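Chemist: take this sequence and fold it.
(chains A and B)
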Amino acid sequence: MISALQRYWADRGCVVMQPYHTELGAGTFNPATFLRCLGPEPWRTVYVEPVIRPRDGRYGENPYRFQHYFQLQVILKPAPEDILDQYFGSLEEIGIDTKRHDVRLVEDDWEGPTLGAWGLGWEVWVDGMEVTQFTYFQQLGGLELDVVSGEITYGLERLAMFLQGKRSAWELEWAPGFTWADVYRENERQWSAYNFEAAPVDVLTRRFAEHEEECAALIARRLTLPAYDQVLKASHAFNLLDARGAISATERASYIGRVRDLARRVAEGYLADAPV
Amino acid sequence: MPTLLFEIGCEELPARAVYEAEAQLPRLCEQHLGVLPDRVFVGPRRLAVLVGGIEEQTEDRWLKGPPLALREQAAAGFAKRHGVSAEDLEERDGFLGVTVAAESLSNVLPGRLDSILRGLGFGKTMRWDDSGLRFPRPVRWTCARLDGGSVEGYGTTTRGHRFTSGELDLPSAEAYAETLRGADVEPDAAERERIIREGLDALGQWRDPLGKLREVVHLVERPLVLEGVFDERFLQLPPRVVETAMQSHQRYFPLGGNRFGLVANGGDPDTVRAGNVNVLEGRLDDATFTFERDVQAGIEELAGRLGSIVYFAGAGSFADKTARLEGLADRLGGGDASMEAARLGKADQSAELVREFPELEGHIGAEYARLAGFPEAVCSAIAEQYLPDSAGGPLPSTDPGRVLAAADRIDALTVSFSLGHKPSGSRDPFGLRRAAIGLCRLATEGGLTIPRELLPGEVAEFVEERFEGLLGDVPVEFVRAARTASVPDLGSVARLARALHALPDEQLAPIHTAYIRAGRLGEKEKAAAKLDPELLTDEAEREVSQALTQIEPEITGAIEAGDFDVAVEAGALLGPLLDRFFEEVLVMAEDPAVRRNRLRLLLDVRDTIGLLGDLSQIPR
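Modeler: Purely as a prediction, here's the structure:
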């Protein structure tokens, strides 16, 4: 399924990229989306992103909630006029007959407060199951976008459950003889324990501040790309602190504001340094 | 006269945007085409109008400009705006102006259709390319037919169903609906709604508790109503949880038991039905998993976890809030059931199921209390604590429910005000106006005695101000007067305001006048500390003094008994006596002792009438 989708989009001019090397809360955080969608240059890419959301872990006990799962992300910049038809073609490619199934676009507007980002779009339903998030970006890093990108985010577990007719991700066949549970369940248990119980609050609090500081220093030296990694690390430290219950409602807003501020400065720096 | 069809083809619009467009299209047609449309077709992928009777020629139009006298100052600007030179302006009836020559419809139509498209306003719009156009979702085609002819700049093709059809020629304006119906699209929203209702009716007693039908009509172009049946084991979940899982995200319609209705946009019925059942069962599985974990913990354990959940920064945890609610429930005169409901009311804030379905807070706690064997009075109070949830919504049906609902609102208001989150202008992020209105209604319609002393000054003021719009035809001034009376509870403020308003004007007028005059005169000079009956020389003043000694306790007693009509009528008895007093008695007597004694008498009059509130608030 993954290789079929990658091939499909590669055939449509997308650069096939690999997952980013640090924890991300969504494929949107990958610089191949966040930074590349700024400015006027065209860009097309497809990549798988493992998504880390510490709060969503359930110790591998709940077959519907995980702190680690996969997205397949496609960016088409600028969004072509037939972007939806291309997307529906990708569903056909992996065996979803759009005439037999009820495929629908249901309003779902996206907002990423830590990235100062928003867009309008849909969740895509196949027979009532949400398999994709589709967004036309309007703003990133607090900056209005001149060129609108289309972002297609497939939820790979959901899509695989649909294709394999399985009710829970645990039962997904990862390869003959190997289920999702064989591969990832223990991972869920241990990471949930880390996220909710073991992650050291004082260290993470300190790290957040350090990432913030380093990010500012790197922006000042116009090293925008390394600075952006610090945004990602600060954001992950915040997510862990949040999972640990170490952040009150008001502090939460202030943390989000701090990450957003960094993201905005990186976005501005990226545009200022972009080759003309 | 020709008939026009104009269609704006979009990627799937949100239902809200479709309704916004539907409301504006008739007016825009009238404005730009001169006539109202015969038909408006709206749906997720298209907004269209069918307009008959458009004039084929525009008429010569006289555009009136500035008066002749202002030729120097304004002529050039006016001429420039209309693309002529200032010398070409004509004179007519003392004004400058310009004649716009008649044009054929085909010349002006492209611009007019564009004006309609750009004239539509929406709450939320986006950009998708560099055209500069903003719309709720991308516009992908436009189609226009003038009878069987075309309109320059607009296509003559439309699109059928997204998956079973494609681009197709629209032969004429009149053929629009028929053409689309042949391509698996029902363009008429009312007809789609009729098909959906008919389909659901055929399945049985369907319900729509969260009001999803309005949206579903615009989620499909070809409604296909199907029945789904889920596994009976999920019926052990609280019915509201099952209903919410069906409705809030999936937009299904409960049919009772384990059956539900769903509306698809096509597809193979068996395949689509099976897929949807699978999705719903997955969601119910997830809810069951969460529900069972909560039930295993039990409501007492859930209540015990509240200390680690922040209620409001600066106002402690939900455990702190619970302690405050218990105190308030006690002071609101709640009995055992109310106290128990206050103790357990917020327990479900630590329930995982509430994290999944936040809109079910209260109901989930009530269910867990039921499972733990608490009396129904306690459980229903927990369920009803968030009522009324809208300005006119129903109130809790039981005493403990009203006590808990009032305690919850008093606490929310007190905490928010003390932390400086007062509503200002239209900004009210914490819904404090709604909370205050709810509190007022609990006191009036709910008959709950809410002591005013439970509300700190600013909060009391904010809450009581809500009465100004809540008491039907009672003018705000009567509410303001009643608020100044020393009545003990919120409901009494409202009842006193009503009683004052109910007093016939000829009875109100004398005490109103006397109250104001007495107050004004009484403060002119230092009055005696205490009335000396020996110094009352005139008949009229002795009468007033005697009446006061009877009427004052009568008013006080009636207020205490909550009998405001009696209190007001007792006060009104003073009216004729005071009329006579002001006629016959010279207050500012020569003898200082007599004078100061009379001033004292007037102050006593003012204070006695003032038991009914500051009548000077009422303008006359």
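Chemist: mind listing the strands the helix or strand that contains A:Tyr47 pairs with, and their directions?
Modeler: Secondary structure assigned from DSSP states H and E places A:Tyr47 in strand A:43-52. As defined by DSSP bridges, the strand partners of strand A:43-52 come to strand A:15-17 (parallel), strand A:68-77 (antiparallel).
Chemist: including mean neighbour count and mean pLDDT, could those strands go into TSV?
Modeler: Using the backbone N, CA and C atoms, a C-beta is placed for each residue, glycine as well. Putting those into TSV (neighbours: other Cβ atoms under 10 Å in any protein chain shown; pLDDT from 0 to 100) gives the following:
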stretch	mean neighbour count	mean pLDDT
strand A:15-17	15	97
strand A:68-77	22	97
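Chemist: between these, which gets nearest to A:Gln190?
Modeler: Within the strands paired with strand A:43-52, the stretch nearest A:Gln190 is strand A:68-77; the backing value is 10.8 Å (Cβ to Cβ).
Chemist: give me the neighbour count for the residue nearest to A:Trp9 when sequence neighbours are not counted.
Modeler: By the measure of Cβ to Cβ, 6 or more residues apart in numbering or on different chains, the closest residue to A:Trp9 outside its immediate chain neighbours is A:Val46, 3.8 Å from it. A:Val46 is flanked by 26 other residues according to other Cβ atoms under 10 Å in any protein chain shown.
Chemist: skipping adjacent residues, who's closest to the residue of chain A found nearest chain B in space?
Modeler: Going by Cβ to the nearest Cβ, chain B is nearest to A:Asp127 of chain A, at 2.5 Å. Setting aside the residues directly before and after it, A:Asp127 is nearest to B:Gly275 in space (Cβ to Cβ, 6+ apart), at 2.5 Å.
Chemist: skip ahead from the helix or strand hosting A:Glu210 and say which helix or strand is next.
Modeler: A:Glu210 belongs to helix A:201-220 when assigned by DSSP H and E. In the C-terminal direction, the helix or strand that comes right after helix A:201-220 (DSSP H and E) is helix A:224-243.
Chemist: is that following helix anywhere near chain B?
Modeler: No - if you take Cβ under 8 Å from any Cβ of the partner chain as the test, helix A:224-243 misses chain B, and the best it gets is 12.3 Å.
Chemist: how far is that helix from where the chain is centred?
Modeler: Averaging C-alpha positions (Cα atoms, centre = their mean, to the nearest Å) puts helix A:224-243 14 Å from its chain's average.
Chemist: which strands or helices does the following helix or strand past it pack on?
Modeler: Tracing the chain C-terminally past helix A:224-243 and defining elements by DSSP H and E, one meets helix A:249-273 next. For helix A:249-273, the packing partners by 3 or more Cβ pairs under 8 Å, 6 or more residues apart in numbering or on different chains; DSSP states H and E come out as strand A:143-144, helix A:201-220, helix A:224-243.
Chemist: residues making contact with helix A:249-273?
Modeler: Contact with helix A:249-273 is made by A:34-35, A:38-39, A:113-116, A:140-143, A:208, A:212, A:215-216, A:219, A:222, A:224, A:227-228, A:230-231, A:234-235, A:238, A:241-242, A:247, B:310, B:312-314, as judged by Cβ atoms under 8 Å, 6 or more residues apart in numbering or on different chains.
Chemist: any residue of stretch B:3-19 up close to chain A?
Modeler: Yes - if you take Cβ under 8 Å from any Cβ as the test, stretch B:3-19 does meet chain A, through B:Glu11, B:Glu12, B:Pro14, B:Ala15, B:Arg16.
Chemist: quick check: buried residues in that stretch?
Modeler: Neighbour-count burial for stretch B:3-19, counted by 16 or more other Cβ atoms under 10 Å in any protein chain shown, picks out B:3-19.
Chemist: repeat for stretch B:255-266
Modeler: Buried residues in stretch B:255-266, counting neighbours by 16+ other Cβ under 10 Å, are found at B:Leu255, B:Asn258, B:Arg259, B:Phe260, B:Gly261, B:Leu262, B:Val263, B:Ala264, B:Asn265, B:Gly266.
Chemist: average pLDDT across the biggest strand by length in chain A?
Modeler: The single longest strand within chain A, with elements called by DSSP state E, is strand A:129-140. With pLDDT averaged residue by residue, strand A:129-140 scores 96.
Chemist: ok, now stretch B:599-619?
Modeler: Throughout stretch B:599-619, pLDDT has a mean value of 91.
Chemist: count of residues packed around the nearest residue to A:Arg100 once chain neighbours are set aside?
Modeler: Counting by Cβ to Cβ, 6+ apart, B:Asp268 is the residue found nearest to A:Arg100 once chain neighbours are left out, at 4.6 Å. Look at B:Asp268: counted by other Cβ under 10 Å, it has 17 neighbours.
Chemist: hang on, B:Asp268 packs against A:Asp127?
Modeler: No - contact criterion Cβ atoms under 8 Å: B:Asp268 and A:Asp127 do not qualify, at 9.8 Å.
Chemist: what residues are shared contacts of the two?
Modeler: Each of A:His101 lies in contact with both B:Asp268 and A:Asp127 under the rule Cβ under 8 Å, 6+ apart.
Chemist: go through the helices and strands packed on helix A:249-273 and pick out the most buried.
Modeler: Ranked by mean neighbour count under mean count of other Cβ atoms under 10 Å in any protein chain shown, those are led by helix A:224-243, which reaches a mean of 22.
Chemist: show me the contacts for the residue in the stretch 251-400 of chain B positioned nearest to chain A.
Modeler: When scored by Cβ to the nearest Cβ, the stretch 251-400 of chain B has B:Gly275 as its residue closest to chain A, at 2.5 Å. Contact analysis of B:Gly275 by Cβ under 8 Å, 6+ apart lists A:His101, A:Asp102, A:Val126, A:Asp127, A:Gly128, A:Met129, A:Phe162.
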